[in-house]
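1. Quick one: sequence plus predicted model below, questions after.
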Amino acid sequence: MLYIVDSSVVLKWYLDDQEENNSRALSIKDAYLAGECDIIVPRLLFYEVGNVLAQKKPKDAQRYIQALFDMGLSQYPEEESFFRKTVEISQQTGTTVYDASFHALAILTGGTLITADAKYYAQAKQLGNIELL
């Protein structure tokens with residue numbers, strides 16, 4: 001199984017365990033670490049997660065970012081075809097290019113985007129390759 005997890009899911013790995021659906025997000029992380037699934041992400045994920053952690057968990061941000069890199073998540077090579085698909089999805093769904101980039105990756109790789117962003121999910125579920133956490 002190939003998953004593309006967006007920042008809304010990854011942030012649940014590091015933020016307060018009272019977050020909604022936190023246990024499901026952690027189960028995806030655990031499955032990856034156990035070799036039960038693959039995860040691939042766009043590089044954008046590291047910037048988005050780093051930005052939120054720097055603001056919400058400044059004392060722990062560096063350690064959490066290092067832990068995220070140490071997981072060895074595959075990073076998709078962002079080529080022209082990836083950007084074209086991202087813009088296409090953004091236009092089809094009326095969402096940001098940032099959000100659409102994760103979905104484009106899922107579609108291009110045949111994986112499933114896992115998101116905790118209910119608004120994005122509602123706007124983009126008709127394209128397939130997406131699951132709400």
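-> That came through fine.
2. Walking through the protein, point out its helices one by one.
-> Listed from the start of the chain, the chain has helices (DSSP state H) covering 7-14, 22-33, 44-56, 61-70, 80-93, 97-109, 118-124.
3. Need these in CSV (columns: mean pLDDT, distance to Ile130 and mean neighbour count).
-> Where you see a C-beta, it was placed from the backbone N, CA and C, and this is true even at glycine. Output for the helices of the chain, formatted as CSV (pLDDT from 0 to 100; distance: least, C-beta to C-beta, whole Å; neighbours: other C-beta atoms under 10 Å):
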stretch, mean pLDDT, distance to Ile130, mean neighbour count
helix 7-14, 95, 12, 23
helix 22-33, 94, 14, 15
helix 44-56, 96, 16, 17
helix 61-70, 96, 22, 14
helix 80-93, 97, 10, 15
helix 97-109, 97, 6, 23
helix 118-124, 97, 6, 16
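4. Columns distance to Glu131 on top of these, output as a markdown table?
-> Output for those, formatted as a markdown table (distance: least, C-beta to C-beta, whole Å):
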| stretch | distance to Glu131 |
| --- | --- |
| helix 7-14 | 10 |
| helix 22-33 | 10 |
| helix 44-56 | 17 |
| helix 61-70 | 21 |
| helix 80-93 | 16 |
| helix 97-109 | 9 |
| helix 118-124 | 8 |
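5. Distance of Ile89 relative to Thr109?
-> Distance from Ile89 to Thr109, counting by C-beta to C-beta, to the nearest Å: 14 Å.
6. scratch that, Glu79
-> If you measure Glu79 against Thr109 using C-beta to C-beta, the figure is 13 Å.
7. what's the answer for Ala61, then?
-> Applying C-beta to C-beta, one obtains 29 Å for the distance of Ala61 from Thr109.
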